[in-house]
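Chemist: kindly return the folded structure for what I paste below:
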Amino acid sequence: MIIAQMNSIKNFNEIGLDYKQNIKQAKRLFRKNLLHDSLSILSKLKHHGYHDPELLLFMAKVCEKLTLLTSDIEFESMTIETYTEIIKYSNSRRYIKKADKLQKLFIKKISPDDEFAHKAQNKAKELKFNETKSPKAWFMLGANFSVRQDPHFVISAYKNAVKLNDKYISALYRLGYIHQYNLDDKTSALSYYLKAIKIAPHEDNIETESANVKIIIEACTEISVIYLSERKYSKVISAFDHAFKLFVLHSEICTLHSIKKIISNTYSASAKLNKIPALRKHLKINFGYELDALLDELGIA
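Modeler: Presented below is the predicted three-dimensional model:
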């Protein structure tokens, strides 16, 4: 039972993790709209045993905002699952009632809305009529439209953004993600992801360099997912190498949990190739990291 495993809320848990300080930092980042960073801290706390309703409710709030900004299915699922976790396992009636209400409101928000769709279509016509030269305008149109309702409309918006700036990393990533998870077209998804990771973070002048670093790492992660499913294990390791170099180079803005999935995929690929000792040596010599310590910290078996 999850409740039995909950940490009590105190300054430090058994591994010296400062709960209150981390929560404060996550809230500061949320206020600054640094949502991925905020979520990473909350995920770390949860990974280390904290499942109190206050943390979970805030985590759902962050995931909900990420869903509405990115139309990302993964964040949508995380929002619903986190609210459900509170409803099912919390001892607090107040938090159960609040989570139930917020979950229903969230589901209503992401449900198809004909009026909203009509407004989005009109906005697209307006942008085309005015021959807008703003890639960001097209990107925001795609990001604020329900991809579940009309993925092709969203794809068209992102493609228009890329036409205006072929180094728009976030738009390329979103095109890849929609093809991968909404259209089940891994070939097209891979094409967009590979284009995105070939662009240096500073070359995209629309988003910040730090935001681009994180998106490239996410693109590398999705590339590893596709290659792992296709049993192209050497390519999984290549994608990891690209991501890990960025992680080390920009360690001040990246968290270890942001590369958990690609580390897990790389570990699995290396096991299939009987190359775990080689991976261990590569990490130690080239990056100064101990593979076993990473696996232990991230809970990867």
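
Chemist: buried stuff in stretch 194-208?
Modeler: Neighbour-count burial for stretch 194-208, counted by 16 or more other CB atoms under 10 Å, picks out 195-197, 199, 201, 204, 206-207. C-beta here means a position set from N, CA and C on the backbone, and glycine is covered the same way.

Chemist: kindly report the same for stretch 280-299.
Modeler: Buried residues in stretch 280-299, counted by 16+ other CB under 10 Å: 280, 282-283, 289, 291, 294, 297-298.

Chemist: need the pLDDT of the closest residue to residue 294 other than its chain neighbours.
Modeler: Among residues not flanking residue 294 along the chain, residue 263 sits closest, at 6.1 Å (CB to CB, 6 or more residues apart in numbering). According to the prediction, residue 263 has pLDDT 97.

Chemist: and the next element down the chain from whichever helix or strand residue 263 is part of?
Modeler: Secondary structure from DSSP states H and E places residue 263 in helix 260-272. Downstream of helix 260-272, the next assigned helix or strand under DSSP H and E is helix 276-287.

Chemist: helices or strands next to that next one in the packing?
Modeler: helix 233-249, helix 260-272, helix 291-298 (3 or more CB pairs under 8 Å, 6 or more residues apart in numbering; DSSP states H and E).

Chemist: not counting the last one itself, show me its contacts.
Modeler: Same thing as helix 291-298. 47, 256-257, 260, 263-264, 267, 276, 279-280, 283-284, 300-301 (CB atoms under 8 Å, 6 or more residues apart in numbering).

Chemist: what do you get for the first one?
Modeler: Identification of contacts with helix 233-249 by CB under 8 Å, 6+ apart yields 197, 201, 213, 216-217, 220-221, 223-224, 227-228, 254, 258-259, 262-263, 265-266, 268-270, 272-273, 275, 279, 283, 287.

Chemist: go with 7 Å
Modeler: Helix 233-249 is contacted from outside by 197, 213, 216-217, 220-221, 223-224, 227-228, 254, 259, 262, 265-266, 269-270, 272-273, 287, using CB atoms under 7 Å, 6 or more residues apart in numbering.

Chemist: lowest-confidence helix or strand of this protein?
Modeler: Every helix and strand of the chain was ranked by mean pLDDT, DSSP states H and E. The lowest is helix 114-129, at a mean of 57.

Chemist: buried ones in the very next helix or strand once past that one?
Modeler: With elements assigned by DSSP H and E, the helix or strand that comes after helix 114-129 is helix 135-143. Neighbour-count burial for helix 135-143 flags 135-139, 141-143 (criterion: 16+ other CB under 10 Å).

Chemist: show me what counts as buried in the helix or strand just after helix 135-143.
Modeler: Moving toward the C-terminus from helix 135-143, the next helix or strand (DSSP H and E) is helix 151-164. Buried residues in helix 151-164, defined by neighbour count with 16+ other CB under 10 Å: 151, 153-155, 157-158, 160-162, 164.

Chemist: go on, stretch 20-28?
Modeler: Of the residues in stretch 20-28, those buried (16+ other CB under 10 Å) are 22-23, 26.

Chemist: repeat for stretch 30-44
Modeler: 30, 34-44.

Chemist: that one - what's its average pLDDT?
Modeler: Averaged over stretch 30-44, pLDDT sits at 86.

Chemist: residues touching that stretch, excluding its own?
Modeler: 22, 25-26, 29, 55, 58-59, 62-63, 65-66, 214, 255, 257-258.

Chemist: okay, domains of this protein per the record?
Modeler: 3-110, 114-298 (automatic domain parsing).

Chemist: lowest average confidence across those domains, which one?
Modeler: domain 3-110 (a mean of 81).

Chemist: how about the nearest residue to residue 287, chain neighbours excluded?
Modeler: residue 248 (5.4 Å).
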